[in-house]
Each structure stands twice: as C-alpha cells, then as structure tokens.
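Q: curious how this folds, go ahead:
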Amino acid sequence: MAARELHGKLLLDGEALRRTAARIAHEIVERNVHLEQVALVGIHTRGVPLAQRLRHLIEDFTDVSVALGSIDITFHRDDLHVRADGAPVAEQPVVKATRLDFDPEGMTCILVDDVVYTGRTVRAAIDALFSYGRPARVQLACIADRGHRELPIRPDYVGKNLPTSRGERVQVQLVEIDEVDRVLLIPEGETR
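A: You can find the predicted model right below:
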C-alpha cells in the first residue's frame, strides 16, 4: 500500500519528526532523575507508537528501559452520547486495549499523544489512568500543541507549538499507522 498523498502544508518531514522525538526524549531524561520510576503511556491511537519511539530513544541515551503502556480513553470521554431507547446520537469510537504492565502507584506517568488541542482527550486519559492506580506525578508529552484549550491543561514536553485557527487541523502521520512520518496542517474544510 502506498503512502497517503500529501494534502495540506508540510510542517515537519520524517527527519524533523525524528529530531523532535529525540529532543523530547532528552528533555524527559533531564527532568526525571529516577528513570526506573518513569512510565510512558501512549494514548490511542498515535500516542502509542510515539511512546514506543520515546522509550527506545531514552534507552539508547541512558541504557534504562522505562515502563511502557497504552491507554484507551473511550469510556472516559465527555462527548459520547447514547440514548437508552435507540441508536447512539453520533458515530461511536472503536474501543482499543488498555495495557499497563506496571503498577502506576507512585510512578511518574508521562501521557504521550500526537496533538494537544482542547485538552479533553488528556483529561479523559488522566481519568482512565487513575482508574488503575494513583501515580505520584502525571506529565504530558506531545508532538504538536495547537492551542485552543478548553481545560487548564498544558504539556510538559512539546515538539512544536503550532498556532492554528479552529477550522484548521494538525495531522501527525506515523509510519506505523500511515506508512509515512510527517506533520501536516490541513486547511479549513478539507477532509481526511
């Protein structure tokens, strides 16, 4: 299957995305002295391969393999509406696996996502994470922060701040899912 055709403005190519991930991994190492107490938790979908990449980079830099997990936020979202007597109001998301092969109690859990926008996904991820235990700290890493926050949430590690209009979209594409590594700015009104 060929890589998707380029639509929108290219913000980061594959090499720039690799450098960005390496910088985030270095920042995580610098700010977390006790890496054995750190866990990277990818938020489905693109946060999962990003967390895996960060884990490999941290291990390359330090010879320490931090804990790794993935989390599904479906049941913690605030935008799902189901009617008791009929079909759902909107298309329902597919539930993916949550996998935490570590006890989050007392850990520094770093949630990893591709794009931070309103903050609602992060809020749902925090709720989901706390249903498995009480971490000592929760941090947030993302490739792109596009602003327009609706909740008081700010990433600790940001690859790129991208001021956008509400109608524009930032799309992170990863080779593990999309067969290409890049970040695009999709203009208002253009669909996937």
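Q: give the buried residues for stretch 53-66.
A: Of the residues in stretch 53-66, 53, 54, 55, 57, 58, 66 count as buried by neighbour count, 16 or more other CB atoms under 10 Å. Bear in mind the C-beta positions are built from the backbone N, C-alpha and C, glycine included.
Q: would the first one count as being in a helix?
A: Yes. Going by DSSP: H, G, I helix; E, B strand; the rest coil, the assignment for residue 53 places it inside a helix.
Q: just give the nearest non-adjacent residue to it, would you?
A: With CB to CB, 6 or more residues apart in numbering as the criterion, residue 53 has its nearest non-adjacent residue at 5.3 Å, and that residue is residue 21.
Q: for the last one, same thing?
A: Take residue 66 and drop its neighbours on the chain: the residue closest to it by CB to CB, 6+ apart is residue 38, 4.7 Å away.
Q: give me the residues contacting stretch 179-192.
A: Stretch 179-192 has contacts (CB atoms under 8 Å, 6 or more residues apart in numbering) with 1-4, 6-14, 16-18, 143-144, 160, 162, 164-165, 167-175.
Q: export stretch 15-26 as CSV, just CAs?
A: The C-alpha coordinates for stretch 15-26 follow below in CSV (Å, rounded to 0.1, in the frame of the first residue of the first chain):
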residue,chain,number,x,y,z
GLU,A,15,13.7,13.7,9.7
ALA,A,16,12.3,16.7,11.5
LEU,A,17,9.9,14.4,13.3
ARG,A,18,12.8,12.1,14.4
ARG,A,19,14.8,15.1,15.7
THR,A,20,11.7,16.4,17.6
ALA,A,21,11.1,13.0,19.2
ALA,A,22,14.8,12.8,20.2
ARG,A,23,14.6,16.3,21.8
ILE,A,24,11.5,15.3,23.8
ALA,A,25,13.3,12.1,24.9
HIS,A,26,16.3,14.1,26.1
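Q: quick one: buried residues of the longest helix along the chain?
A: Longest helix in the chain, counting residues (DSSP state H): helix 14-31. Within helix 14-31, the residues scored as buried using 16+ other CB under 10 Å are 16, 17, 20, 21, 24, 25, 28, 29.
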